[in-house]
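Peer 1: Here's a sequence, model it:
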Amino acid sequence: VCIYMHNVHDDALVCRHAGGLFHAINNSAIDTQKGFIGQVFNQPELIHQTTVNQIEHEAYLIEPDCLKAQIGVRFVCANQAIGAMIIAYDKDQDRSFNEQDFNTAKIFSDLASVAIDNIRLYAASEKELDDNNKLTQELKSEKYTAESANLAKSTFLSNMSHELRTPLNAIIGYGEFLMEDADEMQGTELKPDLGKIVSAGQHLLGLINSILNLSKIESGKSQLYLESVELKTIVTTVAETAKPLLSKQNNTFKIEWIHHPEVVYIDKTKIQQVLLNLLGNAAKFTESGTITLRVDSERDQHEGEWLIFSIIDTGIGMTPENCKTLFDAFAQADASTTKRYGGTGLGLTISKSFCEMMGGEISATSQVHEGATFTVRIPGVMKLPKVDILSSHMRKKGQQTNVLLVSKEPVWVEELKEEGINII
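Peer 2: Okay, here's the model as predicted:
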């Protein structure tokens, strides 16, 4: 018996097993079109050869007239021939091939083909799994490197922002003092220049504060501070703060109350900053138009009440393509708007990050010359990220844990009860 397997790269049949008289041809190769083995490889049916000529003997590296008869069947996987098997009787054996031999050879060929196919599939899957594991490790390593670099950058920006804010606040403070002195001394010619110093300092301080906020978010240092507060108080505070900015370019500002809860449990500071960023953005790109802050809510059967804030302006607008990159850091809808209107492109990025921290989302729709609408959707009752409230020595299996809660917030009661904690 000898078994040949097809070497695809060389298009040759290589002998992988040879026993008996065939032992000398182990690992030898033959063309797929030559000899009896070539016929078997290219023929779908079993071939029976009752006489073996001298050329075949030479191919098998054995003496002439040693073989009496031979049969051959090929192995097939996915309709492709992948090898062949030769079985031969030598002249010393007093028997010939019969129908049972043919059937046995065919059955063996079918079973061997399935086995070889399974082995190849297993080897391919193992290689793919190994490649995937290597790729996963590489991606993890790259992710760790990128996160480390990003954290280092955020830490650097955070430290630098603090270092820059201290002298900058001093410059702004001294500028304001000098403006007051100029008023008292009637130094009217100095006041415009001092005003420019203070204005430039305040602009730079706003930029530094934005970078500091972004770096705190990226480094994970920004946290939620939840409290119960009246929704009208938040909106009124935002409107009063933004009023000088909104009226600066002869704009009309209005608030629309659609449907809303009286009291919410949210991070007041962060939602106020988001709304101020959006109103400031609307005021920047709107002239002699209308800016509307619409307050609405909707109730979800599973997730409770959601607050919906819409900031609608009648400004210059932008294309739908610009909306796709609007919330990327340092991005502007159009390069020309940066030159005309200024800005760093950080306000919307920070707003998006704050909304996501609060479990919500922010989106924008717009058309050129038709204004823009920014929509903020956040939970009316927020929850802090799930953390293990109790330390390990306090949490013992089978024991009731008692906690004295000093808080007026019902959300904390629910959170602790979900942890199986008894509140005193």
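Peer 1: If you count residues, where's the longest helix of this protein?
Peer 2: In the chain, assigned by DSSP state H, the helix with the most residues is helix 99-184.
Peer 1: For the helix or strand harbouring residue 213, what is the distance to the chain centroid?
Peer 2: According to DSSP states H and E, residue 213 maps onto helix 191-218. Centroid separation between helix 191-218 and its chain, computed with C-alpha atoms, centre = their mean, to the nearest Å, is 33 Å.
Peer 1: So what's the gap between the following helix or strand past it and the chain middle?
Peer 2: Downstream of helix 191-218, the first helix or strand assigned by DSSP H and E is strand 227-230. A distance of 34 Å separates the centroid of the chain from that of strand 227-230, by C-alpha atoms, centre = their mean.
Peer 1: Stretch 165-172 now?
Peer 2: On C-alpha atoms, centre = their mean, the centre of stretch 165-172 falls 40 Å from that of its chain.
Peer 1: Show me what counts as buried in it.
Peer 2: Neighbour-count burial for stretch 165-172 flags 168, 171-172 (criterion: 16 or more other C-beta atoms under 10 Å). All C-beta spots, glycine's among them, are computed from the backbone N, C-alpha and C.
Peer 1: One more: stretch 286-305?
Peer 2: Buried residues in stretch 286-305 (16+ other C-beta under 10 Å): 286, 289, 291-297.
Peer 1: okay, that stretch in CSV with CA atoms only?
Peer 2: C-alpha atoms of stretch 286-305 as CSV (Å, rounded to 0.1, in the frame of the first residue of the first chain):
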residue,chain,number,x,y,z
THR,A,286,-27.0,83.7,15.1
GLU,A,287,-27.4,87.4,14.3
SER,A,288,-30.7,89.4,14.6
GLY,A,289,-32.5,86.0,15.0
THR,A,290,-34.3,83.9,17.5
ILE,A,291,-32.8,81.4,20.0
THR,A,292,-35.2,79.1,21.8
LEU,A,293,-34.7,76.8,24.8
ARG,A,294,-37.4,74.2,24.8
VAL,A,295,-38.0,72.1,27.9
ASP,A,296,-39.9,68.8,27.5
SER,A,297,-40.0,65.3,29.0
GLU,A,298,-41.1,61.8,28.1
ARG,A,299,-41.8,58.7,30.2
ASP,A,300,-40.4,55.3,29.3
GLN,A,301,-42.1,52.3,30.8
HIS,A,302,-38.8,50.7,31.7
GLU,A,303,-36.4,53.6,32.2
GLY,A,304,-38.6,56.2,33.8
GLU,A,305,-38.8,59.9,33.0
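Peer 1: which residues are in contact with it?
Peer 2: Identification of contacts with stretch 286-305 by C-beta atoms under 8 Å, 6 or more residues apart in numbering yields 231, 235, 238-239, 246, 249-261, 275, 279, 282-283, 306-316, 371, 379-381.
Peer 1: any low-confidence regions in the stretch 301-424 of the chain?
Peer 2: Scanning the stretch 301-424 of the chain for pLDDT under 70 picks out 330-345, 384-400, 405-420, 424.
Peer 1: so where do the helices sit in it?
Peer 2: Along the stretch 301-424 of the chain, the segments classed as helices by DSSP state H, counting those that start in this stretch run 320-324, 335-341, 347-357, 410-418.
Peer 1: how about the helix holding residue 213: buried residues?
Peer 2: For helix 191-218, the neighbour count (16+ other C-beta under 10 Å) marks 194, 197-198, 201, 205, 208, 210-218 as buried.
Peer 1: That one versus helix 99-184: what angle between them?
Peer 2: Here helix 191-218 points in a direction 150 degrees away from that of helix 99-184 (axes from the mean of the first three to the mean of the last three C-alpha atoms, to 10 degrees).
Peer 1: Show me what helix 191-218 is packed against.
Peer 2: Secondary-structure packing of helix 191-218 (3 or more C-beta pairs under 8 Å, 6 or more residues apart in numbering; DSSP states H and E): helix 99-184, helix 347-357.
Peer 1: helices and strands around the first one, which ones?
Peer 2: By that I understand helix 99-184. Helix 99-184 sits against strand 67-77, strand 80-90, helix 191-218, with contacts defined as 3+ C-beta pairs under 8 Å, 6+ apart.
Peer 1: tell me what the second one is packed against?
Peer 2: This points to strand 80-90. Under the contact rule (3+ C-beta pairs under 8 Å, 6+ apart), strand 80-90 is packed against strand 2-7, strand 12-18, helix 35-42, strand 67-77, helix 99-184.
Peer 1: Any chance of the ones you listed in a markdown table with mean pLDDT and distance to residue 29 as columns?
Peer 2: Below are those laid out as a markdown table (pLDDT from 0 to 100; distance: least, C-beta to C-beta, whole Å):
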| stretch | mean pLDDT | distance to residue 29 |
| --- | --- | --- |
| strand 2-7 | 91 | 7 |
| strand 12-18 | 90 | 4 |
| helix 35-42 | 91 | 11 |
| strand 67-77 | 90 | 17 |
| helix 99-184 | 85 | 19 |
